[in-house]
Each structure stands twice: as C-alpha cells, then as structure tokens.
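**Q** Predicted model and sequence below, questions to follow.
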Amino acid sequence: MADHCQTRRVRAFPSSAENLRLAGFRNLRIARAMRENSPRKPVTLFNVGLGAGLYTCPMQTYLVGGAVRDSLLGLPVQDRDWVVVGATPEEMVAQGFLPVGKDFPVFLHPVTKEEYALARTERKTAPGYKGFVIHAAPDVTLEQDLARRDLTINSIASHALQTRATGVFGTFLGEKQAFQPDLARLIDPHGGQQDLRNKVLRHVTDAFREDPVRILRVARFAARFADFSVAPETMQLMRDMVAHGEADHLVAERVWQELARGLMARKPSRMFEVLRECGALERLLPEVNKLWGAPQRADCHPEIDTIKLGSDSNFIAAHSAASMLGNWQMNLESDPNLILDMAARLDAPLPVRFACLCHNLGKDNLGSENLLKDVCQRLRVPTDCRELADVVAREHGNIHRSGSFNAATVVRLLERCDAFRKPARFADVLLACECDAHGRQGLQETAYPQRQRLLGTLAAAQSVATDSISAHALSTGATGIKIGEMIHAARVAAVAKHGMV
C-alpha cells in the first residue's frame with residue numbers, strides 16, 4: 001500500500017494515550033470508559049484523510065428512510081439518515097463518531113453531524129412505544145433493519161458512493177458531506193418504489209402493530225403526501241391496534257410531536273381524516289373528534305353575518321336563515337377540514353394552526369369552556385400555541401363582528417387580546433380568525449376586511465404617546481388606575497380620529 005494510503009492495525013482499547021491518539025479516538029474519557037466495560041478484541045481502523053485511495057472494510061454504509069424516499073419523489077431532502085452494517089459501537093467511536101443514542105446505537109458524524117445508526121432489530125416485550133428490546137450487532141443485515149420500518153416507502157435503502165480521500169466513513173476533514181447516495185443502486189425488498197408510483201401508504205410487516213406511534217406517523221404522512229391513500233390492509237391494522245388499546249399507551253410528548261408535524265404539513269386535514277377513520281382521534285383527542293359532524297349554533301359563529309363577498313357590499317344574512325332552520329347552520333356550517341387547510345394555504349405558523357384546530361372546542365352544545373385547557377395540559381402543548389389558541393377561542397367571535405364596533409369597543413377588544421404588549425401575536429390571532437371565516441363551503445375566496453382593519457386600528461392606537469400621558473398624570477398626582485383610564489381614552493380618541501371604525 002502506498003505511503004499516502006496507509007492503515008494501522010491497533011487494539012480497539014490500547015492501554016496508552018499514544019495508542020488512543022493513533023486509533024483516532026476523539027474523546028479520551030469515552031474511550032477509557034468503553035475500554036473498561038467492553039471485551040478486548042483487535043479491529044482494523046483507518047486514519048482520517050490520509051490521501052487518495054479507496055479502503056476495504058466489512059462495514060457497509062447505506063442511506064435510508066426519508067432521504068431516499070424524497071429523492072425518488074424529486075423533493076428537497078431535509079435530513080439524511082444512514083445505517084451502518086457490520087460495525088460495533090467501539091469501531092464507530094474509533095472513527096471519531098460521537099455516540100448520542102439513548103435507546104439504541106446512534107452516532108453523529110464528526111464533520112457533517114448527520115446521524116449514523118447501527119443496523120438493528122426490535123422485539124416487542126411490553127405495551128406502548130417503549131416496550132421493545134433492541135438488538136444491534138455486526139451480524140444484523142440491512143434487510144433485517146429495513147423490515148422493522150413502518151412503511152414500504154420508508155424502507156428503501158441506497159448504496160453510499162465512497163469518494164477518494166474520504167476513508168471508510170468519508171471523514172476527510174473539511175468535507176461538507178461524507179457520502180452521496182447512489183440512487184441507481186437501491187435496495188427495496190418490500191416494494192417501496194412501486195408504492196411510491198401508486199401513491200400508497202402501506203405497512204412493511206405485521207410488526208407495524210407493535211409501535212402505536214406508527215398510527216400517528218401514517219396520519220402525518222397522509223397530511224404531507226395528500227394525494228397518497230392508506231392501503232386498506234394498513235387501515236384495518238390500525239383499527240385493530242386502536243381496538244386493542246395500543247393507542248392508549250402513547251405518551252403526550254410523542255402525540256404532540258406528530259400532531260405538530262401533521263399540522264404543519266401541506267394538507268393537515270388529511271391527518272385528522274385518517275385518525276378519525278381508524279378510531280385513534282376519538283381515543284387521543286375526543287374533544288377534537290367531536291368537531292366533525294357536530295352542528296354548531298349560529299350565535300357561536302357571528303362571522304357568517306359579516307363575511308363580505310368579494311367587492312360586493314352585500315353581506316350574508318345567515319342568522320335569519322339559521323333561525324328559519326331551527327337556529328342551526330346548514331350549508332354554512334363550519335368545516336374543520338377547510339379551516340385547517342386554509343391555514344396551510346396561508347402558510348400560517350404552528351400556533352395559528354393549533355388555534356384553528358381548537359378554537360371551537362365546547363361550542364357544539366356537548367362540551368365545556370375548559371376543553372381547550374384540558375387538551376393543552378394533557379398534550380403539554382407549548383406556551384405560545386396554548387396562549388394563542390386561548391385568545392382566538394375567547395375573541396374570534398368579537399373579531400368577526402368588529403366591523404360594527406365603535407372606537408371604545410374596538411380598543412377594549414385590543415386590550416383583552418393584549419395587542420399593545422404583544423402585537424405580533426395579535427397579528428397571528430387575526431390570521432387564525434381569517435382562516436376560521438373561510439372555513440365554509442363556497443366562502444374560501446371571500447374577503448376578510450376585519451384583519452386589515454384591526455391591524456390599522458392597532459397602529460392608530462399605538463401612535464398615542466403613553467409615556468407623555470403617564471408623566472403628565474403623575475405630575476398631577478393621578479393614581480395607576482387613573483393613568484390607565486387616561487391612556488385608554490387617548491387611544492379611543494386616536495382610533496376615532498383616524499377613522500378606523
């Protein structure tokens with residue numbers, strides 16, 4: 001072998017610091033701990049970036065999962081995950097990889113920071129998504145690793161193209177990407193490419209039933225790939241899982257994680273359609289499940305009175321029609337699917353989309369005012385999502401009818417929404433209300449003047465010099481309450497002066 005392409009054969013756990021350095025260990029403390037707790041056996045290790053040439057090694061690296069799927073679909077690849085076959089944790093650390101996996105061996109590449117996981121199998125031992133025994137060893141094959149995956153479209157692997165001067169794991173310093181996938185050489189033992197062409201979400205094996213998180217993942221993929229259908233046998237399997245109580249073992253963090261990702265997908269309504277069809281939504285979010293198909297009283301939806309049809313000055317007189325029909329909305333009934341998909345269409349952030357999902361909880365004559373709070377506590381919803389949803393739930397009716405408010409009433413609305421302290425959040429509140437107003441068949445393209453009008457009203461009220469008012473009031477001996485009243489009066493005057501109402 002040429003001098004510039006040398007290898008060194010050393011023990012995986014040498015006794016001296018010098019040999020540790022030669023072996024390529026990046027963390028002396030980790031190396032010594034592994035030396036003390038692992039069997040001693042010699043392995044072949046490679047130097048990092050020693051020059052041109054390809055290396056031979058029993059380890060094989062493959063790109064797997066979403067990166068291969070999205071590449072085949074012509075979509076941008078966000079994250080790349082790799083599977084390493086024929087390696088041990090000690091050999092990975094010897095190459096400079098940083099161990100990060102808590103439940104199974106996962107490592108970060110020393111340069112690209114991409115995840116490399118050892119090939120593994122899983123065996124169900126208890127209910128829930130944590131009830132597994134993980135087996136990761138050099139004798140686990142790529143096919144065995146692919147068989148444990150959820151969907152066929154995620155069980156495709158690609159050979160990794162080794163480049164010159166990169167070593168077995170492509171760890172040439174300064175190289176931005178360790179490997180490039182070879183999409184001309186795919187490993188597809190479960191027909192994932194065919195299901196991609198047919199636009200089908202299909203489980204790989206019956207082991208799918210062992211992990212209830214996969215129910216949420218299928219629903220989330222349905223929201224992302226909106227033109228894909230769920231295979232009938234996969235839907236039936238998910239129904240069986242729900243019926244046997246597997247969904248009851250899901251923990252709040254995983255439910256929220258998948259729910260949030262589904263809400264941010266291209267067509268979030270598809271997620272809830274799938275969850276409803278398999279029965280999981282009723283078990284996980286019974287409050288939300290009631291939003292579909294439940295009639296909603298007209299007095300809970302004043303927006304129907306005030307949605308302007310394009311440039312037409314005529315407004316929909318829905319309340320009169322509703323009274324004639326027993327005070328229930330018929331064709332103008334709020335549709336959660338339309339509201340959620342409108343939020344996606346307007347590229348709304350996650351807090352807005354969560355507010356669109358939850359703002360009508362308890363308005364079907366079957367719920368209570370505490371339903372939103374209960375959902376947020378149970379799922380441990382982040383503060384920004386919880387607070388925005390609370391404001392929208394309380395005030396969306398007033399925002400819809402705000403066109404008929406006088407200046408004082410509008411300023412009080414702004415104050416209740418905390419718009420002066422949190423104007424960016426108030427803008428999101430208005431965006432959620434616009435999505436809600438468009439959540440009816442035939443009204444998706446209507447104008448919603450309330451949003452721009454209230455933003456202009458807020459700007460007019462913000463023009464008031466509150467510091468000057470406070471200073472003058474203090475000089476006259478006014479109290480805090482009196483100062484607040486003076487600021488409120490000045491804001492009302494500013495809004496009236498600018499003709500915002």
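**A** Cool, the structure landed.
**Q** contacts and neighbour counts: CA atoms only from here.
**A** Fine.
**Q** Confirm that residue 84 sits in a strand.
**A** Yes. Secondary structure assignment (DSSP: H, G, I helix; E, B strand; the rest coil) places residue 84 inside a strand.
**Q** Residues touching the host helix or strand of residue 375, excluding its own?
**A** Assigned by DSSP states H and E, residue 375 falls within helix 371-379. Under the contact criterion Cα atoms under 8 Å, 6 or more residues apart in numbering, helix 371-379 has outside partners 252, 253, 255, 256, 285, 287, 358, 359, 361, 362, 386, 390.
**Q** now with 6 Å?
**A** 252, 256 (Cα atoms under 6 Å, 6 or more residues apart in numbering).
**Q** Show me which residues of it are buried.
**A** 371, 372, 375, 376, 379 (16 or more other Cα atoms under 10 Å).
**Q** Tell me what angle whichever helix or strand comes after it forms with helix 371-379.
**A** Scanning forward in sequence from helix 371-379 by DSSP H and E, the next helix or strand is helix 383-400. Interaxial angle of helix 383-400 relative to helix 371-379 (axes from the mean of the first three to the mean of the last three Cα atoms, to 10 degrees): 170 degrees.
**Q** who touches the helix or strand following helix 383-400?
**A** Counting by DSSP H and E, the next helix or strand C-terminal to helix 383-400 is helix 407-416. Helix 407-416 is contacted by residues 492, 495, 496 when judged by Cα under 6 Å, 6+ apart.
**Q** At the geometric centre of this structure, which residue do we find?
**A** residue 261 (2.1 Å; Cα atoms, centre = their mean).
**Q** Surely that one is in a helix?
**A** Yes. Using three-state DSSP, the assignment for residue 261 is a helix.
**Q** gap between it and residue 377?
**A** As judged by Cα to Cα, to the nearest Å, residue 261 and residue 377 stand 19 Å apart.
**Q** And for residue 472?
**A** Taken as Cα to Cα, the span from residue 472 to residue 377 is 44 Å.
**Q** Over to residue 63?
**A** For residue 63 relative to residue 377 (Cα to Cα), the value is 38 Å.
**Q** What of residue 141?
**A** Look at residue 141 and residue 377: by Cα to Cα, they are 43 Å apart.
**Q** What of residue 75?
**A** From residue 75 over to residue 377 the distance is 36 Å, taken as Cα to Cα.
**Q** how is the protein carved up into domains?
**A** 60-198, 200-284, 298-497 (automatic domain parsing).
**Q** To residue 292, which of these lies closest?
**A** Of all the domains of the chain, it is domain 298-497 that lies closest to residue 292, at 6.9 Å by Cα to Cα.
**Q** in the stretch 401-501 of the chain, what spans have low per-residue confidence?
**A** In the predicted model, the stretch 401-501 of the chain carries pLDDT under 70 at residues 500-501.
**Q** what distance separates stretch 203-223 from the centre of its chain?
**A** Here stretch 203-223 shows a centroid-to-chain-centroid distance of 16 Å under the convention Cα atoms, centre = their mean, to the nearest Å.
**Q** ok, back up a step: okay, who's weakest in the buried residues of helix 371-379 by pLDDT?
**A** Ranked by pLDDT, these bottom out at residue 371 (89).
**Q** Where neighbours are concerned, which of the contacts of helix 407-416 has the most?
**A** Highest neighbour count within those, by other Cα atoms under 10 Å: residue 495, with 26 neighbours.
**Q** which residues of this structure score low on pLDDT?
**A** Scanning the chain for pLDDT under 70 picks out 1-58, 124-132, 162-181, 293-334, 363-369, 500-501.
**Q** 50 instead, please
**A** Counting by pLDDT under 50, the chain contains low-confidence ranges at 1-57, 163-178, 298-300, 302-332, 366-368.
**Q** can you give me the strands in it?
**A** 8-11, 42-45, 60-64, 81-85, 98-99, 106-108, 115-118, 120-124, 132-136, 157-161, 180-187, 200-201, 229-230 (DSSP state E).
**Q** Run the chain-centre distance for the longest one.
**A** Translated: strand 180-187. Centre to centre, stretch against its chain (Cα atoms, centre = their mean), the figure for strand 180-187 is 28 Å.
**Q** what packs against it?
**A** Counting contacts by 3 or more Cα pairs under 6 Å, 6 or more residues apart in numbering; DSSP states H and E, strand 180-187 is packed against strand 157-161.
**Q** So what's the gap between the helix holding residue 375 and the chain middle?
**A** 18 Å.
**Q** Convert it to CSV, retaining C-alpha atoms only.
**A** The C-alpha trace of helix 371-379 is given here as CSV (Å, rounded to 0.1, in the frame of the first residue of the first chain):
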residue,chain,number,x,y,z
LEU,A,371,-61.9,21.7,27.0
LEU,A,372,-59.1,23.8,25.4
LYS,A,373,-57.3,24.0,28.8
ASP,A,374,-57.7,20.2,29.3
VAL,A,375,-56.3,19.4,25.8
CYS,A,376,-53.3,21.7,26.3
GLN,A,377,-52.5,20.3,29.7
ARG,A,378,-52.9,16.7,28.5
LEU,A,379,-50.6,17.1,25.5
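**Q** thinking again about what came up before, could you dump the domains of the chain into CSV and include distance to residue 292?
**A** CSV is the format used below for these (distance: least, Cα to Cα, whole Å):
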stretch, distance to residue 292
domain 60-198, 28
domain 200-284, 9
domain 298-497, 7
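**Q** export the contacts of helix 407-416 to a markdown table and tack on distance to residue 225?
**A** Listed next are the contacts of helix 407-416 as a markdown table, based on distance: Cα to Cα, whole Å:
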| residue | distance to residue 225 |
| --- | --- |
| 492 | 49 |
| 495 | 46 |
| 496 | 49 |
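**Q** now, which of these lie within helices?
**A** 492, 495, 496 (DSSP state H).
**Q** What is the nearest of the residues you listed to residue 154?
**A** residue 495 (55.9 Å).
**Q** OK, contacts around that closest one?
**A** Counting by Cα under 6 Å, 6+ apart, residue 495 touches 407, 460, 461.
**Q** Neighbour-wise, which one of these leads?
**A** For these, the largest neighbour count, defined by other Cα under 10 Å, is 24 neighbours, found at residue 461.
**Q** That concludes my questions; thank you for your assistance.
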